[in-house]
Every structure is written in C-alpha cells, then in structure tokens.
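Q: Give me a model of this one.
(2 chains)
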Amino acid sequence: MASKVLMKGNEAIGEAAMIAGCRHYFGYPITPQSELPAYLAKHMPKRDGVFVQAESEVAAINMVYGSGGTGVRVMTSSSSPGISLKQEGISYIACAEVPCLIVNVVRGGPGLGNIAPAQSDYFQAVKGGGHGDYKLIVLSPSSVQEMADFTVLGFDLADKYRTPVMMLSDGYLGQMMEPVALPEATNIKKYDKPWATIGARGRGQNLISSIHLVPEDMEKHIEHLYKKYAEIEKNELLYEEYQCGDAEYVMVSYGITARICKTACVMAREQGIKLGLLRPKTLWPFPKMPISKLAQSKNVKGFISVELSTGQMIEDVRLAVNGLKPVELFGRTGGVVPTPNEVLTNVKRLFSIK
Amino acid sequence: MSKKNNKFPLNLVIAGFGGQGVLLAGKLIAEAGLHEGREVSWIPSYGPEMRGGTANCTVILSDSEIGSPVVENPDVLMILNRPSMDKFLPSLKKDGICIYNKSIIEGFTPRSDVKMIAIPASEIADKIGSTKLLNMVLVGSFMANSKAFSEESLAYALKKSTSAKHQNLLPLNEKAILEGAKYI
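A: Residues are numbered from 1 along each chain as shown, chains lettered A, B, ... in the order given. So this is what the prediction gives:
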C-alpha cells in the first residue's frame, strides 16, 4: 500500500483529480472549498493542465460543458450558492450526456448563509437542482480518504455512463486534514469516446446538444436517459452498514454526520442500546433495498434520519421503509453540527429509550 | 505498527491568536502521530471566529477509526491567549491537562480538578531567539506530558513540515521543543 500523507479534504480532491487524468478545471472561488481551486491553480500548470478562474459560476459550468464535449476529463467545484448558479448548465450537461465531475462543498443556507458545514443541498443534488427530467450520480464521502477515492470513482462513472457526477461534501470534510493513501495512476481506467467533438475528418459529424424541439424526439431522448439511470441504479449503489446485524434502532446518515453517528453507535452499545448505522455512500442511487430489508427485519423497531438539515434525506428513507416502521428525524441546520452525545440523547428521546 | 494503548484516543484543542502558530502546532502533532502509525485528524476553526483574529484547531490521535473530528471535552488543552483560556478551560475533561503560556495569560481562575501546566513560553522563546518559537515550547510540553509520540517522530514531523529554505531554523525549533519538554 502507498504510504499515507496528511492532506486537507479539498486538497485531496485536487490531487486525486489530477491522478485520475483531469487536466481541465473551471471554477470560481467560494469558501469553504477554495483550497481546491488554489491547489489546482498551483499544480495544474506543472502537469500541462488548464486552470481557469472564470468570471462567474455560470461561465465556469459552461466551460465544463464545452471542454467535456471534447471528451477530456473535466471538473468544477463550488459551495452551495455557487452550485445554485450552476444549475442551468448542469441540466444542459445532463441532457447532452457530457461526463464531468461537479464538487459541492456544502455550507449553511439558504441564501448567502454562512461558511459552516451543512447538508441542506440534498434535495438540490439528488432530486435534480436544475430543470427537466434528469438525474446526477451523487457521491457522499465521509473522510478525506473517500474524498480522494470518490474523485477517481466519479470520473470513472462519468465516463462509463456519459453522465455528470456530483460529489456532495461539506465544510468540515473540505477543511479537515487526515491521512490519505493517494490513488495509483496505474489503476485509472480509460474509455473510448467516439462521441467526442474533436474534428470529423474521415467520419460522420458528432453533435453534442441539449435541444430536442420535437416533443416525441425529446421524449425518446429522456427515455434513453432513464434507461441509463436504471442501469446505474442496478450497478453502482454503494453503502456501509455498521452494527446493523442485531440493531433495534437504525440511524441513516451520510458524510460528516455519519462519522458522528458512528461514535454515537459505540456510546449506545456501552449503554446496552442496540443502535446501528446505515451510511449511504451514493445518495443517488439511494440504498432503497438495504433499508427496506432492515425495515422488514424483526429486530428493527425504528429508523432515525440524522442529517444537517431540517429533513431532506428522510423523505427517501421513508419511501424505502414504506410505512413498515416509524422513521424519525434528528437534524441540526444552518451550519450547526451536533456532537455524538447529542445524537444519542435525541435517538433515546425520539424512541423513549431509557 | 501502533501498539494498543489506553492513552488513545487522545483529543487535543489548541487555541490562541492568529499568527501564534496554533494551526502549525496542531499539524506537527498530527504528523508525529501519523508517523507512529496512528489514525489522526486535524480540523481548524475556519468560521467567523477566525476572522476575529483568534484561531483554534482540534487534533485527535487514535488507535482506531476516528468518528467525530470535533470533540466536546478534550483530554488536553494548549492555550496561547487569555480569551481562549476563558472559552476552553471549562470544556476540559476532569483530570485533563491544560498547558498554557503563563507569560501573557494571567488573572483567570485555574481549575483544581485538572493539571494546570504554566509555562513562561514567550520568555523561553525570546531567550532562544524568537517569540515565534513559543508554539514549539508548548508542543514540547505536550509531547512530554502526553507521551503520545517520541521525540524522533516529532523531529521527523518538524522536518517534513518545514520548507527547504527554512531548514536552517530546525535546530532553534528543536531547542524550543526540548525546553518546553521540561515542563511536566
């Protein structure tokens, strides 16, 4: 195994992106993700890459659309308000089937909000923040290591399915330093891209576009997209179960919050409470079946969605549980992060556990 | 490989003014822990409080996977200014250790249920050659009190974290660490 280096989450994404072969980055600064463009601004030129600080987020996402159309690995990053600005472009990119990686280091919102960690962009990421019928693959890292690993995975899935991929992170993961074993360049998969617009000499014209004026043509195209999404749902689901085997209560939590829940699980066991955790690593596709299975288990008395929002992911948890067991929420919002003790206290309160 | 040890997980908060080397002190401790094969995490304050001129970071050294990177009740505090003492001393675990810069922190009420280690860090740093070394004096005391890593691991971390053009400053930093280590 490669030796580990101490890196900030934002920097780990930058390094992993270059290892994955990304040589095109377009972005606009915003806290708490600015270490990522800063890292790439410094290192991209040394590796013959392109780093552009665009005039706005709207410009940046459209530069991603353009260069992605040539088949190169391309990324952008921002934080909540900046990602809102990119939504029109993301919808175009999804429709035109251009592979790219979009990183959202989520901060407190709505509005300009603050720069503290939050998970209140779940709906925007998972339900399609832009207009129209489309999906993003949404990856949710929970450590600096996963920020590096999921960057490589994100580029891979984007190329494999010709689709935009979003990494949904948060301010804490972006800012914290942890040991990371960087991915090996030799393990990076390469994909043929016969659709890329790189000159039509000797072949027919390629067209990358998101306009389908005839409704029947548009419908056909959307059906094509949804066939692809069904494949992704079948093949690419990632999640982790922690102490779920004999659990009476199961928390569902992702990202930084899942780590806090893990500590809460350990504390609960010390008090004789059988608490488990299901951590989605992909938020879309969402781990519907694993949650449904737990809901059918005799042991499980209830679920708690623990998230840094007023309750967004809980809707997907409820759909998966489908009324079989109660589903409660423990959320802090606006940039407030709960302690493990606070999580456990609220789990006990919600289910009247003594 | 790390040995199982009941010293761990060890949770540390370092706090002071921006510019006192709070974040670097934390990074060195994290690097030294990593060098000994431990799980480590380092998280800075990056919110509005940082814009107000104060800085703090939380470092965790552990033998197992680290859950929350932020801790309510640290085992050890390293305090570099008075506002940080007022803010963090109440959060220190009972029987915890508070290492602080006595030179500029006075007039507060110490706790009797924790170990208070008062170090004239500014004076020591000045005597060695630069006030800037005061964070190293405190890191030295942390090493001696926590026994979380060896002197060699800290020296390795220091060397690794120092840019090529500043390698000539290593002996001064090491001296500051050794002076600090006398305060236990």
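
Q: how close does A:Met289 sit to chain B?
A: Distance, A:Met289 to chain B, using C-beta to the nearest C-beta, to the nearest Å: 26 Å. Quick note: C-beta positions are derived from backbone N, CA and C, even for glycine.

Q: Ok, A:Asp217 next?
A: According to C-beta to the nearest C-beta, A:Asp217 stands 49 Å off from chain B.

Q: helix or strand right after the helix or strand bottoming out on mean pLDDT in chain B?
A: Every helix and strand of chain B was ranked by mean pLDDT, DSSP states H and E. The lowest is helix B:48-51, at a mean of 64. Reading on from helix B:48-51 to the C-terminus, the next helix or strand found by DSSP states H and E is strand B:54-62.

Q: Pairing partners for the following helix or strand past that next one, with directions?
A: For strand B:54-62, the succeeding helix or strand toward the C-terminus, using DSSP H and E, is strand B:76-79. Applying DSSP bridges, strand B:76-79 is found paired with strand B:10-17 (parallel), strand B:97-101 (parallel).

Q: List just the one of those that sits closest to B:Glu39.
A: strand B:10-17 (11.0 Å; C-beta to C-beta).

Q: buried set for that closest one?
A: When burial is assessed from 16 or more other C-beta atoms under 10 Å in any protein chain shown, strand B:10-17 yields the following buried residues: B:10-17.

Q: for stretch A:48-58, same thing?
A: A:49-52, A:54, A:57-58.

Q: End to end on that stretch, go ahead and measure it.
A: Chord length of stretch A:48-58, first to last residue, is 25 Å (C-alpha to C-alpha, to the nearest Å).

Q: mean confidence score for it?
A: Taken as a whole, stretch A:48-58 carries a mean pLDDT of 98.

Q: Can you list the neighbours in contact with it?
A: Stretch A:48-58 is contacted from outside by A:18, A:22-29, A:37, A:40-41, A:43-45, A:60, A:63, A:67, A:78, A:82-83, A:85-86, A:88-89, using C-beta atoms under 8 Å, 6 or more residues apart in numbering or on different chains.

Q: measure A:Pro110 to chain B for me?
A: 18 Å.

Q: meant to ask about A:Gly9
A: Distance from A:Gly9 to chain B, by C-beta to the nearest C-beta: 10 Å.

Q: Could I get the contacting residues of that residue?
A: Taking C-beta under 8 Å, 6+ apart, one finds A:141, A:144, A:147, A:169, A:173-176, A:178 in contact with A:Gly9.

Q: Give me the pLDDT value at it.
A: Predicted confidence (pLDDT) for A:Gly9: 98.

Q: residues contacting the closest residue to chain B within the stretch 201-350 of chain A?
A: Of all residues in the stretch 201-350 of chain A, the one sitting closest to chain B is A:Thr263 (3.1 Å; C-beta to the nearest C-beta). Taking C-beta under 8 Å, 6+ apart, we find A:Thr263 in contact with A:340, B:67-68.

Q: Assign a three-state SS to it, would you?
A: helix (DSSP: H, G, I helix; E, B strand; the rest coil).

Q: Return the distance of it relative to A:Ser67.
A: For A:Thr263, the distance to A:Ser67 equals 42 Å [C-beta to C-beta, to the nearest Å].

Q: Now B:Lys93: closest residue in space that isn't a chain neighbour?
A: Of all residues not flanking B:Lys93 in the chain, B:Asn73 sits nearest, at 4.7 Å (C-beta to C-beta, 6 or more residues apart in numbering or on different chains).

Q: How about B:Leu28?
A: B:Leu28 sits nearest to B:Ala157 (C-beta to C-beta, 6+ apart), 4.8 Å away.

Q: from memory the one you found sits against B:Ala32, does it?
A: Yes: taking contacts as C-beta atoms under 8 Å, B:Ala157 lies within contact range of B:Ala32: 4.2 Å.

Q: Who has more neighbours out of those two?
A: B:Ala32 (28 against 23; other C-beta atoms under 10 Å in any protein chain shown).

Q: Might you enumerate the residues of chain B proximal to chain A?
A: Chain B has residues B:27, B:30-31, B:34, B:39-44, B:46-48, B:65-70, B:72 near chain A, with proximity defined as C-beta under 8 Å from any C-beta of the partner chain.

Q: about what we covered before: got phi/psi on the residue nearest to B:Lys93?
A: B:Asn73 has phi and psi values of phi -130, psi 90 when expressed as degrees, to the nearest 10.

Q: ok, and the most crowded of the contacts of A:Thr263?
A: B:Ser68 (26 neighbours).

Q: rewinding a little: chain B: which of the contacts of A:Gly9 is nearest?
A: Using C-beta to the nearest C-beta, A:Met176 comes nearest to chain B of these, at 4.1 Å.

Q: Tell me how many other residues surround the residue nearest to that closest one when sequence neighbours are not counted.
A: Sequence neighbours aside, B:Ile43 is the residue nearest to A:Met176 in space, at 4.1 Å (criterion: C-beta to C-beta, 6+ apart). Applying other C-beta under 10 Å, we find 24 residues neighbouring B:Ile43.
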